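Trainee: Structure for the following, please:
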Amino acid sequence: MRRPTPDTVAAVAPWAAVALVVVLGAVSMAIGVIDLGALDGPEARELILTSRLPRTAALILAGASMAVAGLIMQHLAQNRFVAPTTAGTVDAAAVGLLVATLLFTGAAVITKVAIALVFALAGTALFVLLTQRIQFKDMILVPLLGLVLAGVYRAGAEFFAFRAGLTQALDTWFNADFSGIIEGRYETLWLAGLAAAGAYLFANRFTAAGMGEAFATNIGVNYRLVMSGGLGIAALATAVVVVTVGAIPFLGLIVPNIVTLVLGDNLRRVLPVTALVGASLVLVCDIVGRVLIFPYEISMGLIVGVVGSAVFLAMVMRKGNRYATT
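Mentor: A predicted model of the protein is given here:
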């Protein structure tokens, strides 16, 4: 049997990803402690519109936006191991949420998102500044620097959270949980979805910027503006997700690597598939978490963290073996 050509794979992948999201979304809405078949029409409709549909929509929006954020950061940084998790963006956003909680008690969700966004942008900017000062940008050294920054952010957050009695809340911000998502408690995630969709409009510019400052400048692309815009989109998506449902570890790291391994590095082609695969992975992990110890749940963030850390370790080992043989 002949292997499919790259063009065939690129043409089929988006439709296959769409079909997968639709199927997983239907399964997600069917799973729950209350059996939909045991309810009459109005009650079943109310349950779906109030709980099941908002949760599924939140899973899709969060997964898609975080995967796109990781893709943008990896492309702009020219490093496969850079993502909101490994650049300190997630932890900086959580620090911003803690500051908003401490200083602006009772603030609206959109206010918390804005403060978390400022901190996420600042944390990401610091990461970029430090990496630019590294003379030898080893593929693995760069994300390790981001993990060090993330550790510093988290340590500071835990210190102030402990003093304020917010340790438990801080733990939930670092571990995404969708069990409490109902109508009226997820709508801010549409901001993250819009940010991810907006990234598609600038995909060609991100592709040019990912080739380096000299190349981008030569073809008339404002490199610094594109870098700022791309990192701003990634920070916005991260801040919204952290504030609304909590951090999803490693999602923005592993999904873009898997998709680009199959489809290549053209952002306009891989960005929609990356979003759909990210949504699919989150849906799968949430479904697994809901059925393993049914009728109780395991946090979706915990399952993604286990899967993501295993894939990240495999990526590092694969890259390390490549260095050893060259």
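Trainee: Residue nearest the middle of the protein, spatially speaking?
Mentor: residue 66 (1.9 Å; CA atoms, centre = their mean).
Trainee: what about that residue, distance to residue 60?
Mentor: In this structure, residue 66 and residue 60 are 11 Å apart, going by CB to CB, to the nearest Å. For glycine as for every other residue, the C-beta is placed from the backbone atoms N, C-alpha and C.
Trainee: now swap in residue 216 and tell me
Mentor: 32 Å.
Trainee: for residue 220, same thing?
Mentor: 36 Å.
Trainee: same check, this time on residue 48
Mentor: 15 Å.
Trainee: These two: which has the busier surroundings?
Mentor: residue 60 (23 against 17; other CB atoms under 10 Å).
Trainee: how about the residue lying closest to the more buried one once chain neighbours are set aside, secondary structure?
Mentor: Leaving aside its sequence neighbours, residue 60 sits nearest to residue 279 (CB to CB, 6 or more residues apart in numbering; 4.3 Å). With DSSP: H, G, I helix; E, B strand; the rest coil as the basis, residue 279 sits in helix.
Trainee: In contact with residue 279, which residues?
Mentor: 21, 59, 60, 61, 63, 64, 67 (CB atoms under 8 Å, 6 or more residues apart in numbering).
Trainee: give me that answer again for 10 Å
Mentor: Applying CB atoms under 10 Å, 6 or more residues apart in numbering to residue 279 gives the contacts 17-18, 20-21, 24-25, 56, 59-67, 193, 255.
Trainee: same thing with residue 167?
Mentor: Counted by CB under 10 Å, 6+ apart, residue 167 has contacts 157, 158, 161.
Trainee: Quick check: nearest residue in space to the last one, chain neighbours excluded?
Mentor: Yep, that's residue 161 we're talking about. In space, residue 161 is closest to residue 170, 4.2 Å off (CB to CB, 6+ apart).
Trainee: For residue 153, see how far away that neighbour is.
Mentor: 11 Å.
Trainee: Need the overlap of contacts for the two.
Mentor: Here residue 170 and residue 153 have 94, 95 as joint contacts, going by CB under 10 Å, 6+ apart.
Trainee: on that earlier part again, okay, and the residue nearest to the centre of the chain sits in which element?
Mentor: helix 53-77 (DSSP states H and E).
Trainee: and that helix, how far from the chain's centre?
Mentor: Helix 53-77 has its average C-alpha position 4 Å from the chain's average C-alpha position, going by CA atoms, centre = their mean, to the nearest Å.
Trainee: Same check on stretch 183-201?
Mentor: A distance of 12 Å separates the C-alpha centroid of stretch 183-201 from that of its chain, computed with CA atoms, centre = their mean.
Trainee: Could you pull out the buried residues of it?
Mentor: Using 16 or more other CB atoms under 10 Å as the test for burial, stretch 183-201 gives 186, 188, 189, 191, 192, 193, 194, 195, 196, 197, 199.
Trainee: Spatially, which pair of these is furthest apart? Let me know, please.
Mentor: 186 and 199 (20.8 Å; CB to CB).
Trainee: tell me the contacts of residue 54?
Mentor: Taking CB under 10 Å, 6+ apart as the test, what residue 54 contacts is 48, 178, 181, 182, 183, 184, 185, 186, 187, 189.
Trainee: show me where pLDDT drops low in the protein?
Mentor: Residues of the chain that meet the criterion pLDDT under 70 lie in 1-7, 10, 38, 135-138, 318-326.
Trainee: where exactly do the helices run in it?
Mentor: 6-30, 41-47, 53-77, 89-103, 109-132, 141-164, 167-173, 189-201, 203-209, 213-218, 223-244, 251-263, 267-291, 300-324 (DSSP state H).
Trainee: helices or strands up against the shortest one?
Mentor: With contacts defined as 3 or more CB pairs under 10 Å, 6 or more residues apart in numbering; DSSP states H and E, the packing partners of helix 213-218 are helix 203-209, helix 223-244.
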